[in-house]
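>>> Give me the fold of what follows.
(one chain, ligands or ions: 2)
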Amino acid sequence: MSTTTLPPIIQASKRSHFDSVPVIDFSNAKSQNIRERLELANEIREACMNVGFFYIKNHGVDQNLINEARKNLEEFFALPLEEKQKIIGEGIKGYSPLQSGKNDPYASQGDMHEGFEFGWEDLEVTEAGKTRDDGVMSGDNLWPEQPRDFRKAALVYYHALIEFGLSIFPLFALALGLPETFFDDKTTKPAALMRMLHYPPQKGITDNRVMGIGAHTDWECFTLLWQDEIGGLQVLNQENTWIDAPPIPGTFVLNIGDQFARWTNDIFKSTVHRASNKTGARRYSIPLFFGVDYDVDITPLDICVSSERPSKYPSVTAAEFVKSRFEETYGKTKAHEDPAAGRVVAASA
Ligand SMILES: O=C(O)CCC(=O)C(=O)O
Ligand SMILES: [Fe+2]
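Ligands and ions are numbered 1, 2, ... in the order given. So this is what the prediction gives:
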């Protein structure tokens with residue numbers, strides 16, 4: 001196949017150097033004008049192919065919901081350990097203590113953060129169908145008794161971000177040269193896990209092997225990250241240099257995860273990242289890991305495969321892929337049976 005007959009997305013796929021994470025303005029995300037949506041999709045495409053990360057400004061998510069979630073997560077993490085330990089589950093839902101995860105095996109002392117993880121749940125508690133079957137991540141959410149409004153604040157924010165995340169799929173479709181509706185029937189009950197994270201100050205620790213969260217890629221299609229004003233997130237570029245992704249008020253950070261990388265035959269980059277907190281202040285962040293429906297086939301798309309760029313990945317469904325990553329990370333032993341195995345950080349190892 002000559003270069004000119006290659007699908008446009010392959011022709012465009014040349015990764016270039018980056019030394020900062022681009023900021024993309026989402027004001028036109030829902031524009032009635034297709035040209036404006038296409039311009040935005042082009043920016044997204046460049047960022048996904050070169051960096052795998054971008055900031056989103058003018059995202060439209062109500063700041064009050066973010067503030068409420070933040071207030072509650074700060075109060076939760078300030079509780080005594082015995083209280084938080086009451087909601088350590090057998091799976092990934094609930095509380096995970098400091099240093100219980102190892103995203104990077106070189107970070108031998110474990111990740112210096114504690115977390116709280118939950119998945120889909122309707123805000124109104126009903127008898128049936130309270131949680132969605134999210135495959136290997138399934139299991140009821142484990143809510144703390146305190147703070148009193150924690151569940152509500154967390155879920156209201158979660159649902160706002162699900163709505164926002166769903167609205168990004170048509171832009172990814174345009175970015176790939178696919179019909180805008182391509183992902184609609186693949187995101188009817190998207191697998192989406194939210195983690196609330198607390199990185200205490202890493203006092204006196206200068207050893208780079210002790211990270212807030214060790215170097216890793218995320219597993220799902222993409223992650224929407226809210227981070228507070230402290231900073232510490234870093235992204236690895238193609239020269240293996242760590243590039244800071246400092247907090248920018250009023251933005252989310254979006255990064256491509258492994259599901260999208262596989263699906264696009266690595267045209268979209270799932271970029272290695274890490275975070276640490278050596279500032280002396282507490283750092284909080286909230287990633288939402290956004291996958292497609294678990295039964296969706298994420299075999300590399302035809303438009304991302306050519307004779308010059310053969311398919312790098314075998315056929316797999318989203319569920320099978322997440323299960324394999326989960327097993328790689330957890331091994332066969334459940335964390336609570338073997339503390340040495342660590343209760344590895346959820347959806348993002
Ligand atoms: O806290 C951050 O800034 C990054 C968190 C992260 O990468 C993850 O949980 O997968
Ligand atoms: Fe991550």
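>>> the helices in the chain, which residues?
Taking DSSP state H to define them, one finds helices in the chain at 8-11, 34-50, 63-77, 81-85, 150-175, 258-263, 318-330.
>>> Who are the packing partners of the fifth one?
In this structure, helix 150-175 packs against helix 34-50, helix 63-77, strand 114-118, strand 192-199, strand 222-227, strand 283-290, with contacts taken as 3 or more C-beta pairs under 8 Å, 6 or more residues apart in numbering; DSSP states H and E. C-beta coordinates here come from the backbone N, C-alpha and C atoms, glycine included.
>>> wait, isn't residue 42 in contact with residue 177?
No. Distance between residue 42 and residue 177: 10.6 Å, which falls outside the contact criterion (C-beta atoms under 8 Å).
>>> For these two, indicate the residue with more neighbours.
Ranked by neighbour count (other C-beta atoms under 10 Å), residue 42 and residue 177 place residue 177 first, with 16 against 13.
>>> Run through the stretch 51-200 of the chain and note the low-pLDDT ranges.
Per-residue confidence of the stretch 51-200 of the chain (counting by pLDDT under 70) places the weak regions at 105-109, 125-139.
>>> Count the neighbours of the residue in it positioned nearest to ligand 2 for me.
The nearest approach of the stretch 51-200 of the chain to ligand 2 comes at residue 103, 7.7 Å away (C-beta to the ion). Taking other C-beta under 10 Å as the criterion, the count of residues near residue 103 is 24.
>>> Thought residue 29 was touching residue 57, still the case?
No. Using C-beta under 8 Å, residue 57 is not in contact with residue 29; the gap is 11.1 Å.
>>> got the residues of this structure near ligand 1?
Applying C-beta under 6 Å from any ligand atom, we find that the chain lies next to ligand 1 at 195, 197, 213, 218, 225, 227, 233, 273, 275, 285, 287, 348.
>>> and the third one, what pLDDT?
Predicted confidence (pLDDT) at residue 213: the value is 89.
>>> For it, list the residues it contacts.
By C-beta atoms under 8 Å, 6 or more residues apart in numbering, the contact set of residue 213 is 101, 103, 111, 113, 197, 199, 274-276, 345, 348.
>>> let's see it at 6 Å
103, 111, 113, 274-275 (C-beta atoms under 6 Å, 6 or more residues apart in numbering).
>>> any idea how far residue 224 is from it?
Distance, residue 213 to residue 224, by C-beta to C-beta, to the nearest Å: 16 Å.
>>> cool, the first one as well?
If you measure residue 195 against residue 224 using C-beta to C-beta, the figure is 11 Å.
>>> Looks like residue 112 contacts residue 203 (just checking).
No. Distance between residue 112 and residue 203: 10.3 Å, which falls outside the contact criterion (C-beta atoms under 6 Å).
>>> Who has more neighbours out of those two?
When neighbours are counted by other C-beta under 10 Å, residue 112 comes out ahead of the other of residue 112 and residue 203, with 24 against 8.
>>> Quick check: buried residues in stretch 244-251?
If you call a residue buried by 16 or more other C-beta atoms under 10 Å, then stretch 244-251 has these buried ones: 245, 247, 251.
>>> quick one: is it near ligand 2?
No. Against ligand 2, stretch 244-251 shows no contacts by C-beta under 5 Å from the ion, the least distance being 11.1 Å.
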